[in-house]
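Enquirer: pasting the sequence and the predicted coordinates here, then a few questions.
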Amino acid sequence: MPRLYALILSGGSGTRLWPRSRRRKPKQFLDLAGDRTLLQETVARVAELIPSERIFVVAPPEHRALIHEQLPELRTDHVVVEPYPRGNAAAIGLAMGALHAFDPEAVVAVLPSDHVVEKPGKFREVLIAATAAAEAGHLVTLGITPERPDTGFGYIEAGERLDVPGAPLPVYAVKRFIEKPKPEAAQKMLEAGGHYWNAGMFAWRVSKILEAYRAHLPGTARAIEALSEAIGTPRYETVLAEVWEETERTTIDYGIAEKAENVAVVPADIGWQDVGSWSRLAEIVSKTDNWSQDEHISHDSHGNFIYAPGKTVATVGVEGLIVVDTGDVLFIAPKERAEDVKVLVDRLQREDREELL
């Protein structure tokens, strides 16, 4: 197995999990589904395959201190800072330039830190297969085995099986990427098989992905080259400020994966769960009728999710509620309306209520 590195993506604000997820501490830094934060869990999943000295994180500057607080074993120079958001293609490209300077022969797993994986052992097996395909020259995506005809995700259609030496699981050529579908189309793809959710997890040789940037995102490629020459010098921050605006504002999916020809997919039945809303989180963590962070006294109450640390919560005759108490905010909504929290966040932004954002 080649020297495998990990790039952890730690951007995003997670506004649909407000009021716990805030600008100063978004969801990847929260212990939403266990004792560790989502960021810590992402690193822990790869720890058996990738030592800490081969782990990098890309994040905005305001989260640098949080990353080092939660990942004290991470080298200080392994946090790659994106000055401001321009889509994850630019952020990943910036990190690929740093990784290429660190090890031009690196194979890199690119992993978001905003989800739950319930089968970490299976995930590592999938990652080994993806690494083998990346070593063979493919740009590899992990395709999540769909559990339902969900319209909230993009899909990946697998084509012919590829001959990948050393891969413990099947690897397929990607036939096409499919935008978030309508319900009927999602149902047909689920019934047909060979279609997978696109979770934004990748593996590739750093040299191969830089070739793809030069072919498909030339502005970002030029910025990466300029930054690569400045890495380790006092000029780096100045050059970064100068070239960042030249990067294309897009995602790695639109900018490269959907255009490149050597893209492969490894089906991943890993218990992947998107922590995208309070109702989704309630489904993930609720093992009993009512879930509560601390003591919950209930009478004729069912299917409630209650986060109120340090408090005893008593309910009578209520069903399907999301209750989140952060001290400065008490949020209450029925589960089926929980995603409307974004309306409240938008309102707070319009009213410049920075203390609540």
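Expert: Thanks, I have it. All values derive from a computational prediction rather than experimental measurement. Numbers count the residues shown, from 1 in each chain.
Enquirer: in contact with residue 197, which residues?
Expert: 143-146, 150, 153-156, 272 (C-beta atoms under 8 Å, 6 or more residues apart in numbering). In this view, the C-beta of every residue, glycine as well, is placed from N, C-alpha and C.
Enquirer: my read is that residue 190 contacts residue 151, right?
Expert: No: with contact defined as C-beta atoms under 8 Å, residue 190 does not reach residue 151; the gap is 11.2 Å.
Enquirer: let me have the contacts of residue 197 in CSV, extended by distance to residue 43 and pLDDT.
Expert: Supplementary listing: the contacts of residue 197 in CSV, determined by distance: C-beta to C-beta, whole Å; pLDDT from 0 to 100:
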residue, distance to residue 43, pLDDT
143, 23, 96
144, 20, 96
145, 24, 93
146, 26, 93
150, 27, 89
153, 24, 90
154, 26, 93
155, 28, 95
156, 25, 96
272, 17, 95
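Enquirer: those residues, buried ones only, as a ChimeraX selection?
Expert: Buried residues within these, by 16 or more other C-beta atoms under 10 Å, are selected in ChimeraX with:
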select :143,144,146,150,153,154,155,156,272
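Enquirer: show me which pair in the contacts of residue 197 is furthest apart.
Expert: 145 and 154 (14.8 Å; C-beta to C-beta).
Enquirer: do I have it right that residue 267 meets residue 196?
Expert: Yes: if you go by C-beta under 8 Å, residue 267 and residue 196 touch, sitting 5.9 Å apart.
Enquirer: quick one, domains of this structure?
Expert: 4-274, 278-356 (automatic domain parsing).
Enquirer: most tightly surrounded among the ones you listed?
Expert: domain 4-274 (a mean of 19; mean count of other C-beta atoms under 10 Å).
Enquirer: can you give me the end-to-end span of that domain?
Expert: 25 Å (C-alpha to C-alpha, to the nearest Å).
Enquirer: check stretch 178-189 too.
Expert: So stretch 178-189: terminal residues 10 Å apart, C-alpha to C-alpha.
Enquirer: what's the mean pLDDT across it?
Expert: What stretch 178-189 shows for mean pLDDT is 92.
Enquirer: which residues are common contacts for residue 267 and residue 196?
Expert: 143, 145, 158.
Enquirer: got those as TSV, with distance to residue 346 columns?
Expert: Formatted as TSV, the shared contacts of residue 267 and residue 196 follow (distance: C-beta to C-beta, whole Å):
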residue	distance to residue 346
143	33
145	34
158	38
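Enquirer: got those residues as TSV, with distance to residue 284 and secondary structure columns?
Expert: Listed next are those as TSV, based on distance: C-beta to C-beta, whole Å; DSSP: H, G, I helix; E, B strand; the rest coil:
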residue	distance to residue 284	secondary structure
143	20	strand
145	17	coil
158	27	strand
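Enquirer: and which of the residues you listed is nearest to residue 306?
Expert: Proximity of these to residue 306 (C-beta to C-beta) peaks at residue 145, which lies at 31.4 Å.
Enquirer: ok, now which ones touch the residue nearest to the closest one when sequence neighbours are not counted?
Expert: Closest residue in space to residue 145, ignoring its immediate chain neighbours: residue 269 at 4.2 Å, by C-beta to C-beta, 6 or more residues apart in numbering. Applying C-beta under 8 Å, 6+ apart, we find residue 269 in contact with 119, 122, 145.
Enquirer: next: residue 196.
Expert: 143-146, 155-156, 158, 265, 267-268.
Enquirer: mind redoing it with 7 Å?
Expert: 143-146, 155-156, 158, 265, 267 (C-beta atoms under 7 Å, 6 or more residues apart in numbering).
Enquirer: please consider this matter closed, and thank you.
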